[in-house]
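Asker: coords please:
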Amino acid sequence: MPPSGDGVSDISIFRPLAAALVPEQVKGDLLAGRDWIRTKAANAKVGISGFCMGGGITIREIVGDNDYAAAVAFYGDVLQGAAKDALVTPDTFAYAKKITTPLMGNYGARDPSIRAVDVRMMFAQLTIPHDVKIYDEAGHAFFDDTRASYVGSAAADAWTRTLGWLHRYLT
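Answerer: Numbering: from 1, shown residues only. Take a look at the predicted model:
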């Protein structure tokens, strides 16, 4: 039985579960959710969003297809499979040219796991509508108000921007 997450401050207990995710299964599950929404509201525009690992999944899911009308990633991995210690060049982000879904990103400049320079380099490769904000005062998980990493000003601004983005592309 996986941990519930209630009251958990040590994320290491979730790493084995995250490592066991199969990308094809995740994609299938997400598309099934999208299709279910469309059965409830014909011609509905559907977006995708995620935080942390979910932000990375959001980016991965919009590469090479147009399954969603809009996407928002909160501190999602922009290296998309490249080794964290590998030399990063614009070619590292060649996948970004295959993104056809309008993409918004919310990142923290103080995030040691997702470097702001990499975020800027990836978003610079995009050829579709996009918007990225890197909050100087924030690090990773700045939106999670149950953790010490929470930065209320960044979270509030990111949420306002996100709602505006989704309104623009989903209505």
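
Asker: Give me the pLDDT value at the nearest residue to residue 98 once chain neighbours are set aside.
Answerer: Among residues not flanking residue 98 along the chain, residue 64 sits closest, at 4.6 Å (Cβ to Cβ, 6 or more residues apart in numbering). C-beta coordinates here come from the backbone N, C-alpha and C atoms, glycine included. Residue 64 is assigned a predicted lDDT (pLDDT) of 92.

Asker: what about residue 64, how many neighbours?
Answerer: 11 (other Cβ atoms under 10 Å).

Asker: From residue 114, how far off is the residue nearest the centre of the chain?
Answerer: By Cα atoms, centre = their mean, the chain has its centre lying nearest to residue 55, at 1.9 Å. With distances taken as Cβ to Cβ, to the nearest Å, residue 55 is found 9 Å from residue 114.

Asker: One more: residue 16?
Answerer: Residue 16 is 22 Å from residue 114, by Cβ to Cβ.

Asker: quick one, which of these two is more surrounded?
Answerer: Set residue 16 next to residue 114 and count neighbours by other Cβ under 10 Å: residue 114 wins out with 22 against 9.

Asker: Figure out the helix or strand that the more buried one lives in.
Answerer: Under the criterion DSSP states H and E, no helix or strand holds residue 114.

Asker: With adjacent residues omitted, what lies nearest to residue 118?
Answerer: Nearest one to residue 118, counting by Cβ to Cβ, 6+ apart, is residue 78 at 5.3 Å.

Asker: Quick one: residues contacting residue 87.
Answerer: Not one residue lies near residue 87 by Cβ atoms under 8 Å, 6 or more residues apart in numbering.

Asker: Could you check how far it is from residue 44?
Answerer: Separation of residue 87 from residue 44 (Cβ to Cβ): 43 Å.

Asker: next one: residue 109
Answerer: Distance from residue 109 to residue 44, by Cβ to Cβ: 36 Å.

Asker: Next, count neighbours for the residue lying closest to residue 136 once chain neighbours are set aside.
Answerer: Sequence neighbours aside, residue 109 is the residue nearest to residue 136 in space, at 4.8 Å (criterion: Cβ to Cβ, 6+ apart). Residues near residue 109, counting by other Cβ under 10 Å, number 15.

Asker: pLDDT score for residue 48?
Answerer: 97.

Asker: helix/strand/coil for it?
Answerer: strand (DSSP: H, G, I helix; E, B strand; the rest coil).

Asker: shouldn't it be in contact with residue 66?
Answerer: No: Residue 48 is beyond contact range of residue 66, at 11.6 Å (criterion: Cβ atoms under 8 Å).
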